[in-house]
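Asker: Quick one, fold the following:
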Amino acid sequence: MIFIDTHIVVWLYAGLTEKLTDKVVELIENNDLYISNMVRLELQYLYEIGRVTENPDTILDELFKAIGLKISFMDTKLVFDSALLQSWTRDAFDRLITAEAIVMDTFLITKDKKIRGNYDKAVWS
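Answerer: Now for the predicted structure:
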């Protein structure tokens, strides 16, 4: 089980796999992929401000079918308790997505250097 960050979801949906490292491609191909519900909310935000052209349900439905992506339904109290300890960022999306990966004790695929610098199971290369 591996979590993927929002920008990875967008790149996979857009077919921009050349943006992914070889390690990330290997992890995607060989593991069950999950997202936090916060990724879904962040996709909605990006849709509302015009940074993505499709709504979250369209993006996620396609990835559910294409790669078997799943949404985690972790206990929100546990996630928020962990997020309260993540004082390294003011970005609520990064804070909650990372917190959920921490609670699940799983890897998080992300290119975000700040996340990788603060979560030892965040991977990129």
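Asker: I2: how many residues sit nearby?
Answerer: 19 (other Cβ atoms under 10 Å). All C-beta spots, glycine's among them, are computed from the backbone N, C-alpha and C.
Asker: so how far is Q44 from it?
Answerer: Here the criterion is Cβ to Cβ, to the nearest Å. By it, I2 lies 23 Å from Q44.
Asker: Next: R116.
Answerer: With Cβ to Cβ as the criterion, R116 and Q44 are 25 Å apart.
Asker: for stretch 101-108, the distance to its chain's centre please.
Answerer: Distance, stretch centre to chain centre, for stretch 101-108: 11 Å (Cα atoms, centre = their mean, to the nearest Å).
Asker: should've said stretch 98-117
Answerer: 8 Å.
Asker: Now do the buried residues in it.
Answerer: 98-104, 106-112, 115-116 (16 or more other Cβ atoms under 10 Å).
Asker: mind listing which of the residues you listed are in strands?
Answerer: F107, L108, I109 (DSSP state E).
Asker: pLDDT wise, what is the second one at?
Answerer: Looking at L108, its pLDDT reads 98.
Asker: who touches the closest residue to it other than its chain neighbours in this structure?
Answerer: For L108, ignoring the flanking residues on the chain, the nearest one in space by Cβ to Cβ, 6 or more residues apart in numbering is A101 at 4.0 Å. Residues near A101 by Cβ atoms under 8 Å, 6 or more residues apart in numbering: F3, S36, F107, L108, Y119, K121, A122.
Asker: quick one: the nearest residue to the second one once chain neighbours are set aside from T53, how far?
Answerer: Counting by Cβ to Cβ, 6+ apart, the nearest residue to S36 once its immediate chain neighbours are dropped is E100, at 4.3 Å. The gap separating E100 from T53 is 26 Å, by Cβ to Cβ.
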